[in-house]
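S.K.: Pasted the sequence and its predicted model underneath.
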Amino acid sequence: MYYQRLIEKQIALKLKSSGAVLVAGPKFCGKTTTCMLYQNSFVKLNTKQVIS
């Protein structure tokens, strides 16, 4: 279940004027889940997947 966050409107507004937005906060507060709503593509850096 996804909980809407107050920051969503600000993220959308900032993305219209720039190509990227930095979202910072404590662990498990929903940063990744919220940002996934706005992403076009993503790369996970913490996986053991080998790119060839």
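M.R.: Cool, got the structure. Everything numeric in this text was worked out from a predicted model, so none of it was measured.

S.K.: For Met36, give its distance to Gln10.
M.R.: 17 Å (C-beta to C-beta, to the nearest Å). In short, each C-beta sits where N, CA and C put it, glycine included.

S.K.: Next: Ser18.
M.R.: 12 Å.

S.K.: So which of these two has more stuff around it?
M.R.: Each of Ser18 and Gln10 has its neighbours counted (other C-beta atoms under 10 Å); Gln10 has more, 12 against 7.

S.K.: any weak-confidence spans in the chain?
M.R.: 47, 49-52 (pLDDT under 70).

S.K.: tell me, what residue is most central in it?
M.R.: Nearest residue to the geometric centre of the chain (C-alpha atoms, centre = their mean): Cys35, 2.2 Å.

S.K.: can you map out the helices along the chain?
M.R.: 8-17, 31-35 (DSSP state H).

S.K.: In CSV: those, plus distance to Val43.
M.R.: Below are those laid out as CSV (distance: least, C-beta to C-beta, whole Å):
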stretch, distance to Val43
helix 8-17, 18
helix 31-35, 13
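
S.K.: Would you mind saying which of those helices lies nearest Ala24?
M.R.: helix 31-35 (7.5 Å; C-beta to C-beta).

S.K.: And the closest one, what does it pack against?
M.R.: helix 8-17 (3 or more C-beta pairs under 8 Å, 6 or more residues apart in numbering; DSSP states H and E).

S.K.: OK, contacts around Thr33?
M.R.: The contact partners of Thr33, taken as C-beta atoms under 8 Å, 6 or more residues apart in numbering, are Tyr2.

S.K.: Pick the most buried one from the helices of the chain.
M.R.: helix 31-35 (a mean of 14; mean count of other C-beta atoms under 10 Å).

S.K.: May I have it as CSV, with CA atoms only?
M.R.: In CSV, the C-alpha atoms belonging to helix 31-35 read as follows (Å, rounded to 0.1, in the frame of the first residue of the first chain):
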residue,chain,number,x,y,z
LYS,A,31,12.2,7.9,-0.6
THR,A,32,12.7,5.2,-3.1
THR,A,33,9.0,4.3,-3.3
THR,A,34,8.0,7.9,-3.9
CYS,A,35,10.7,8.6,-6.4
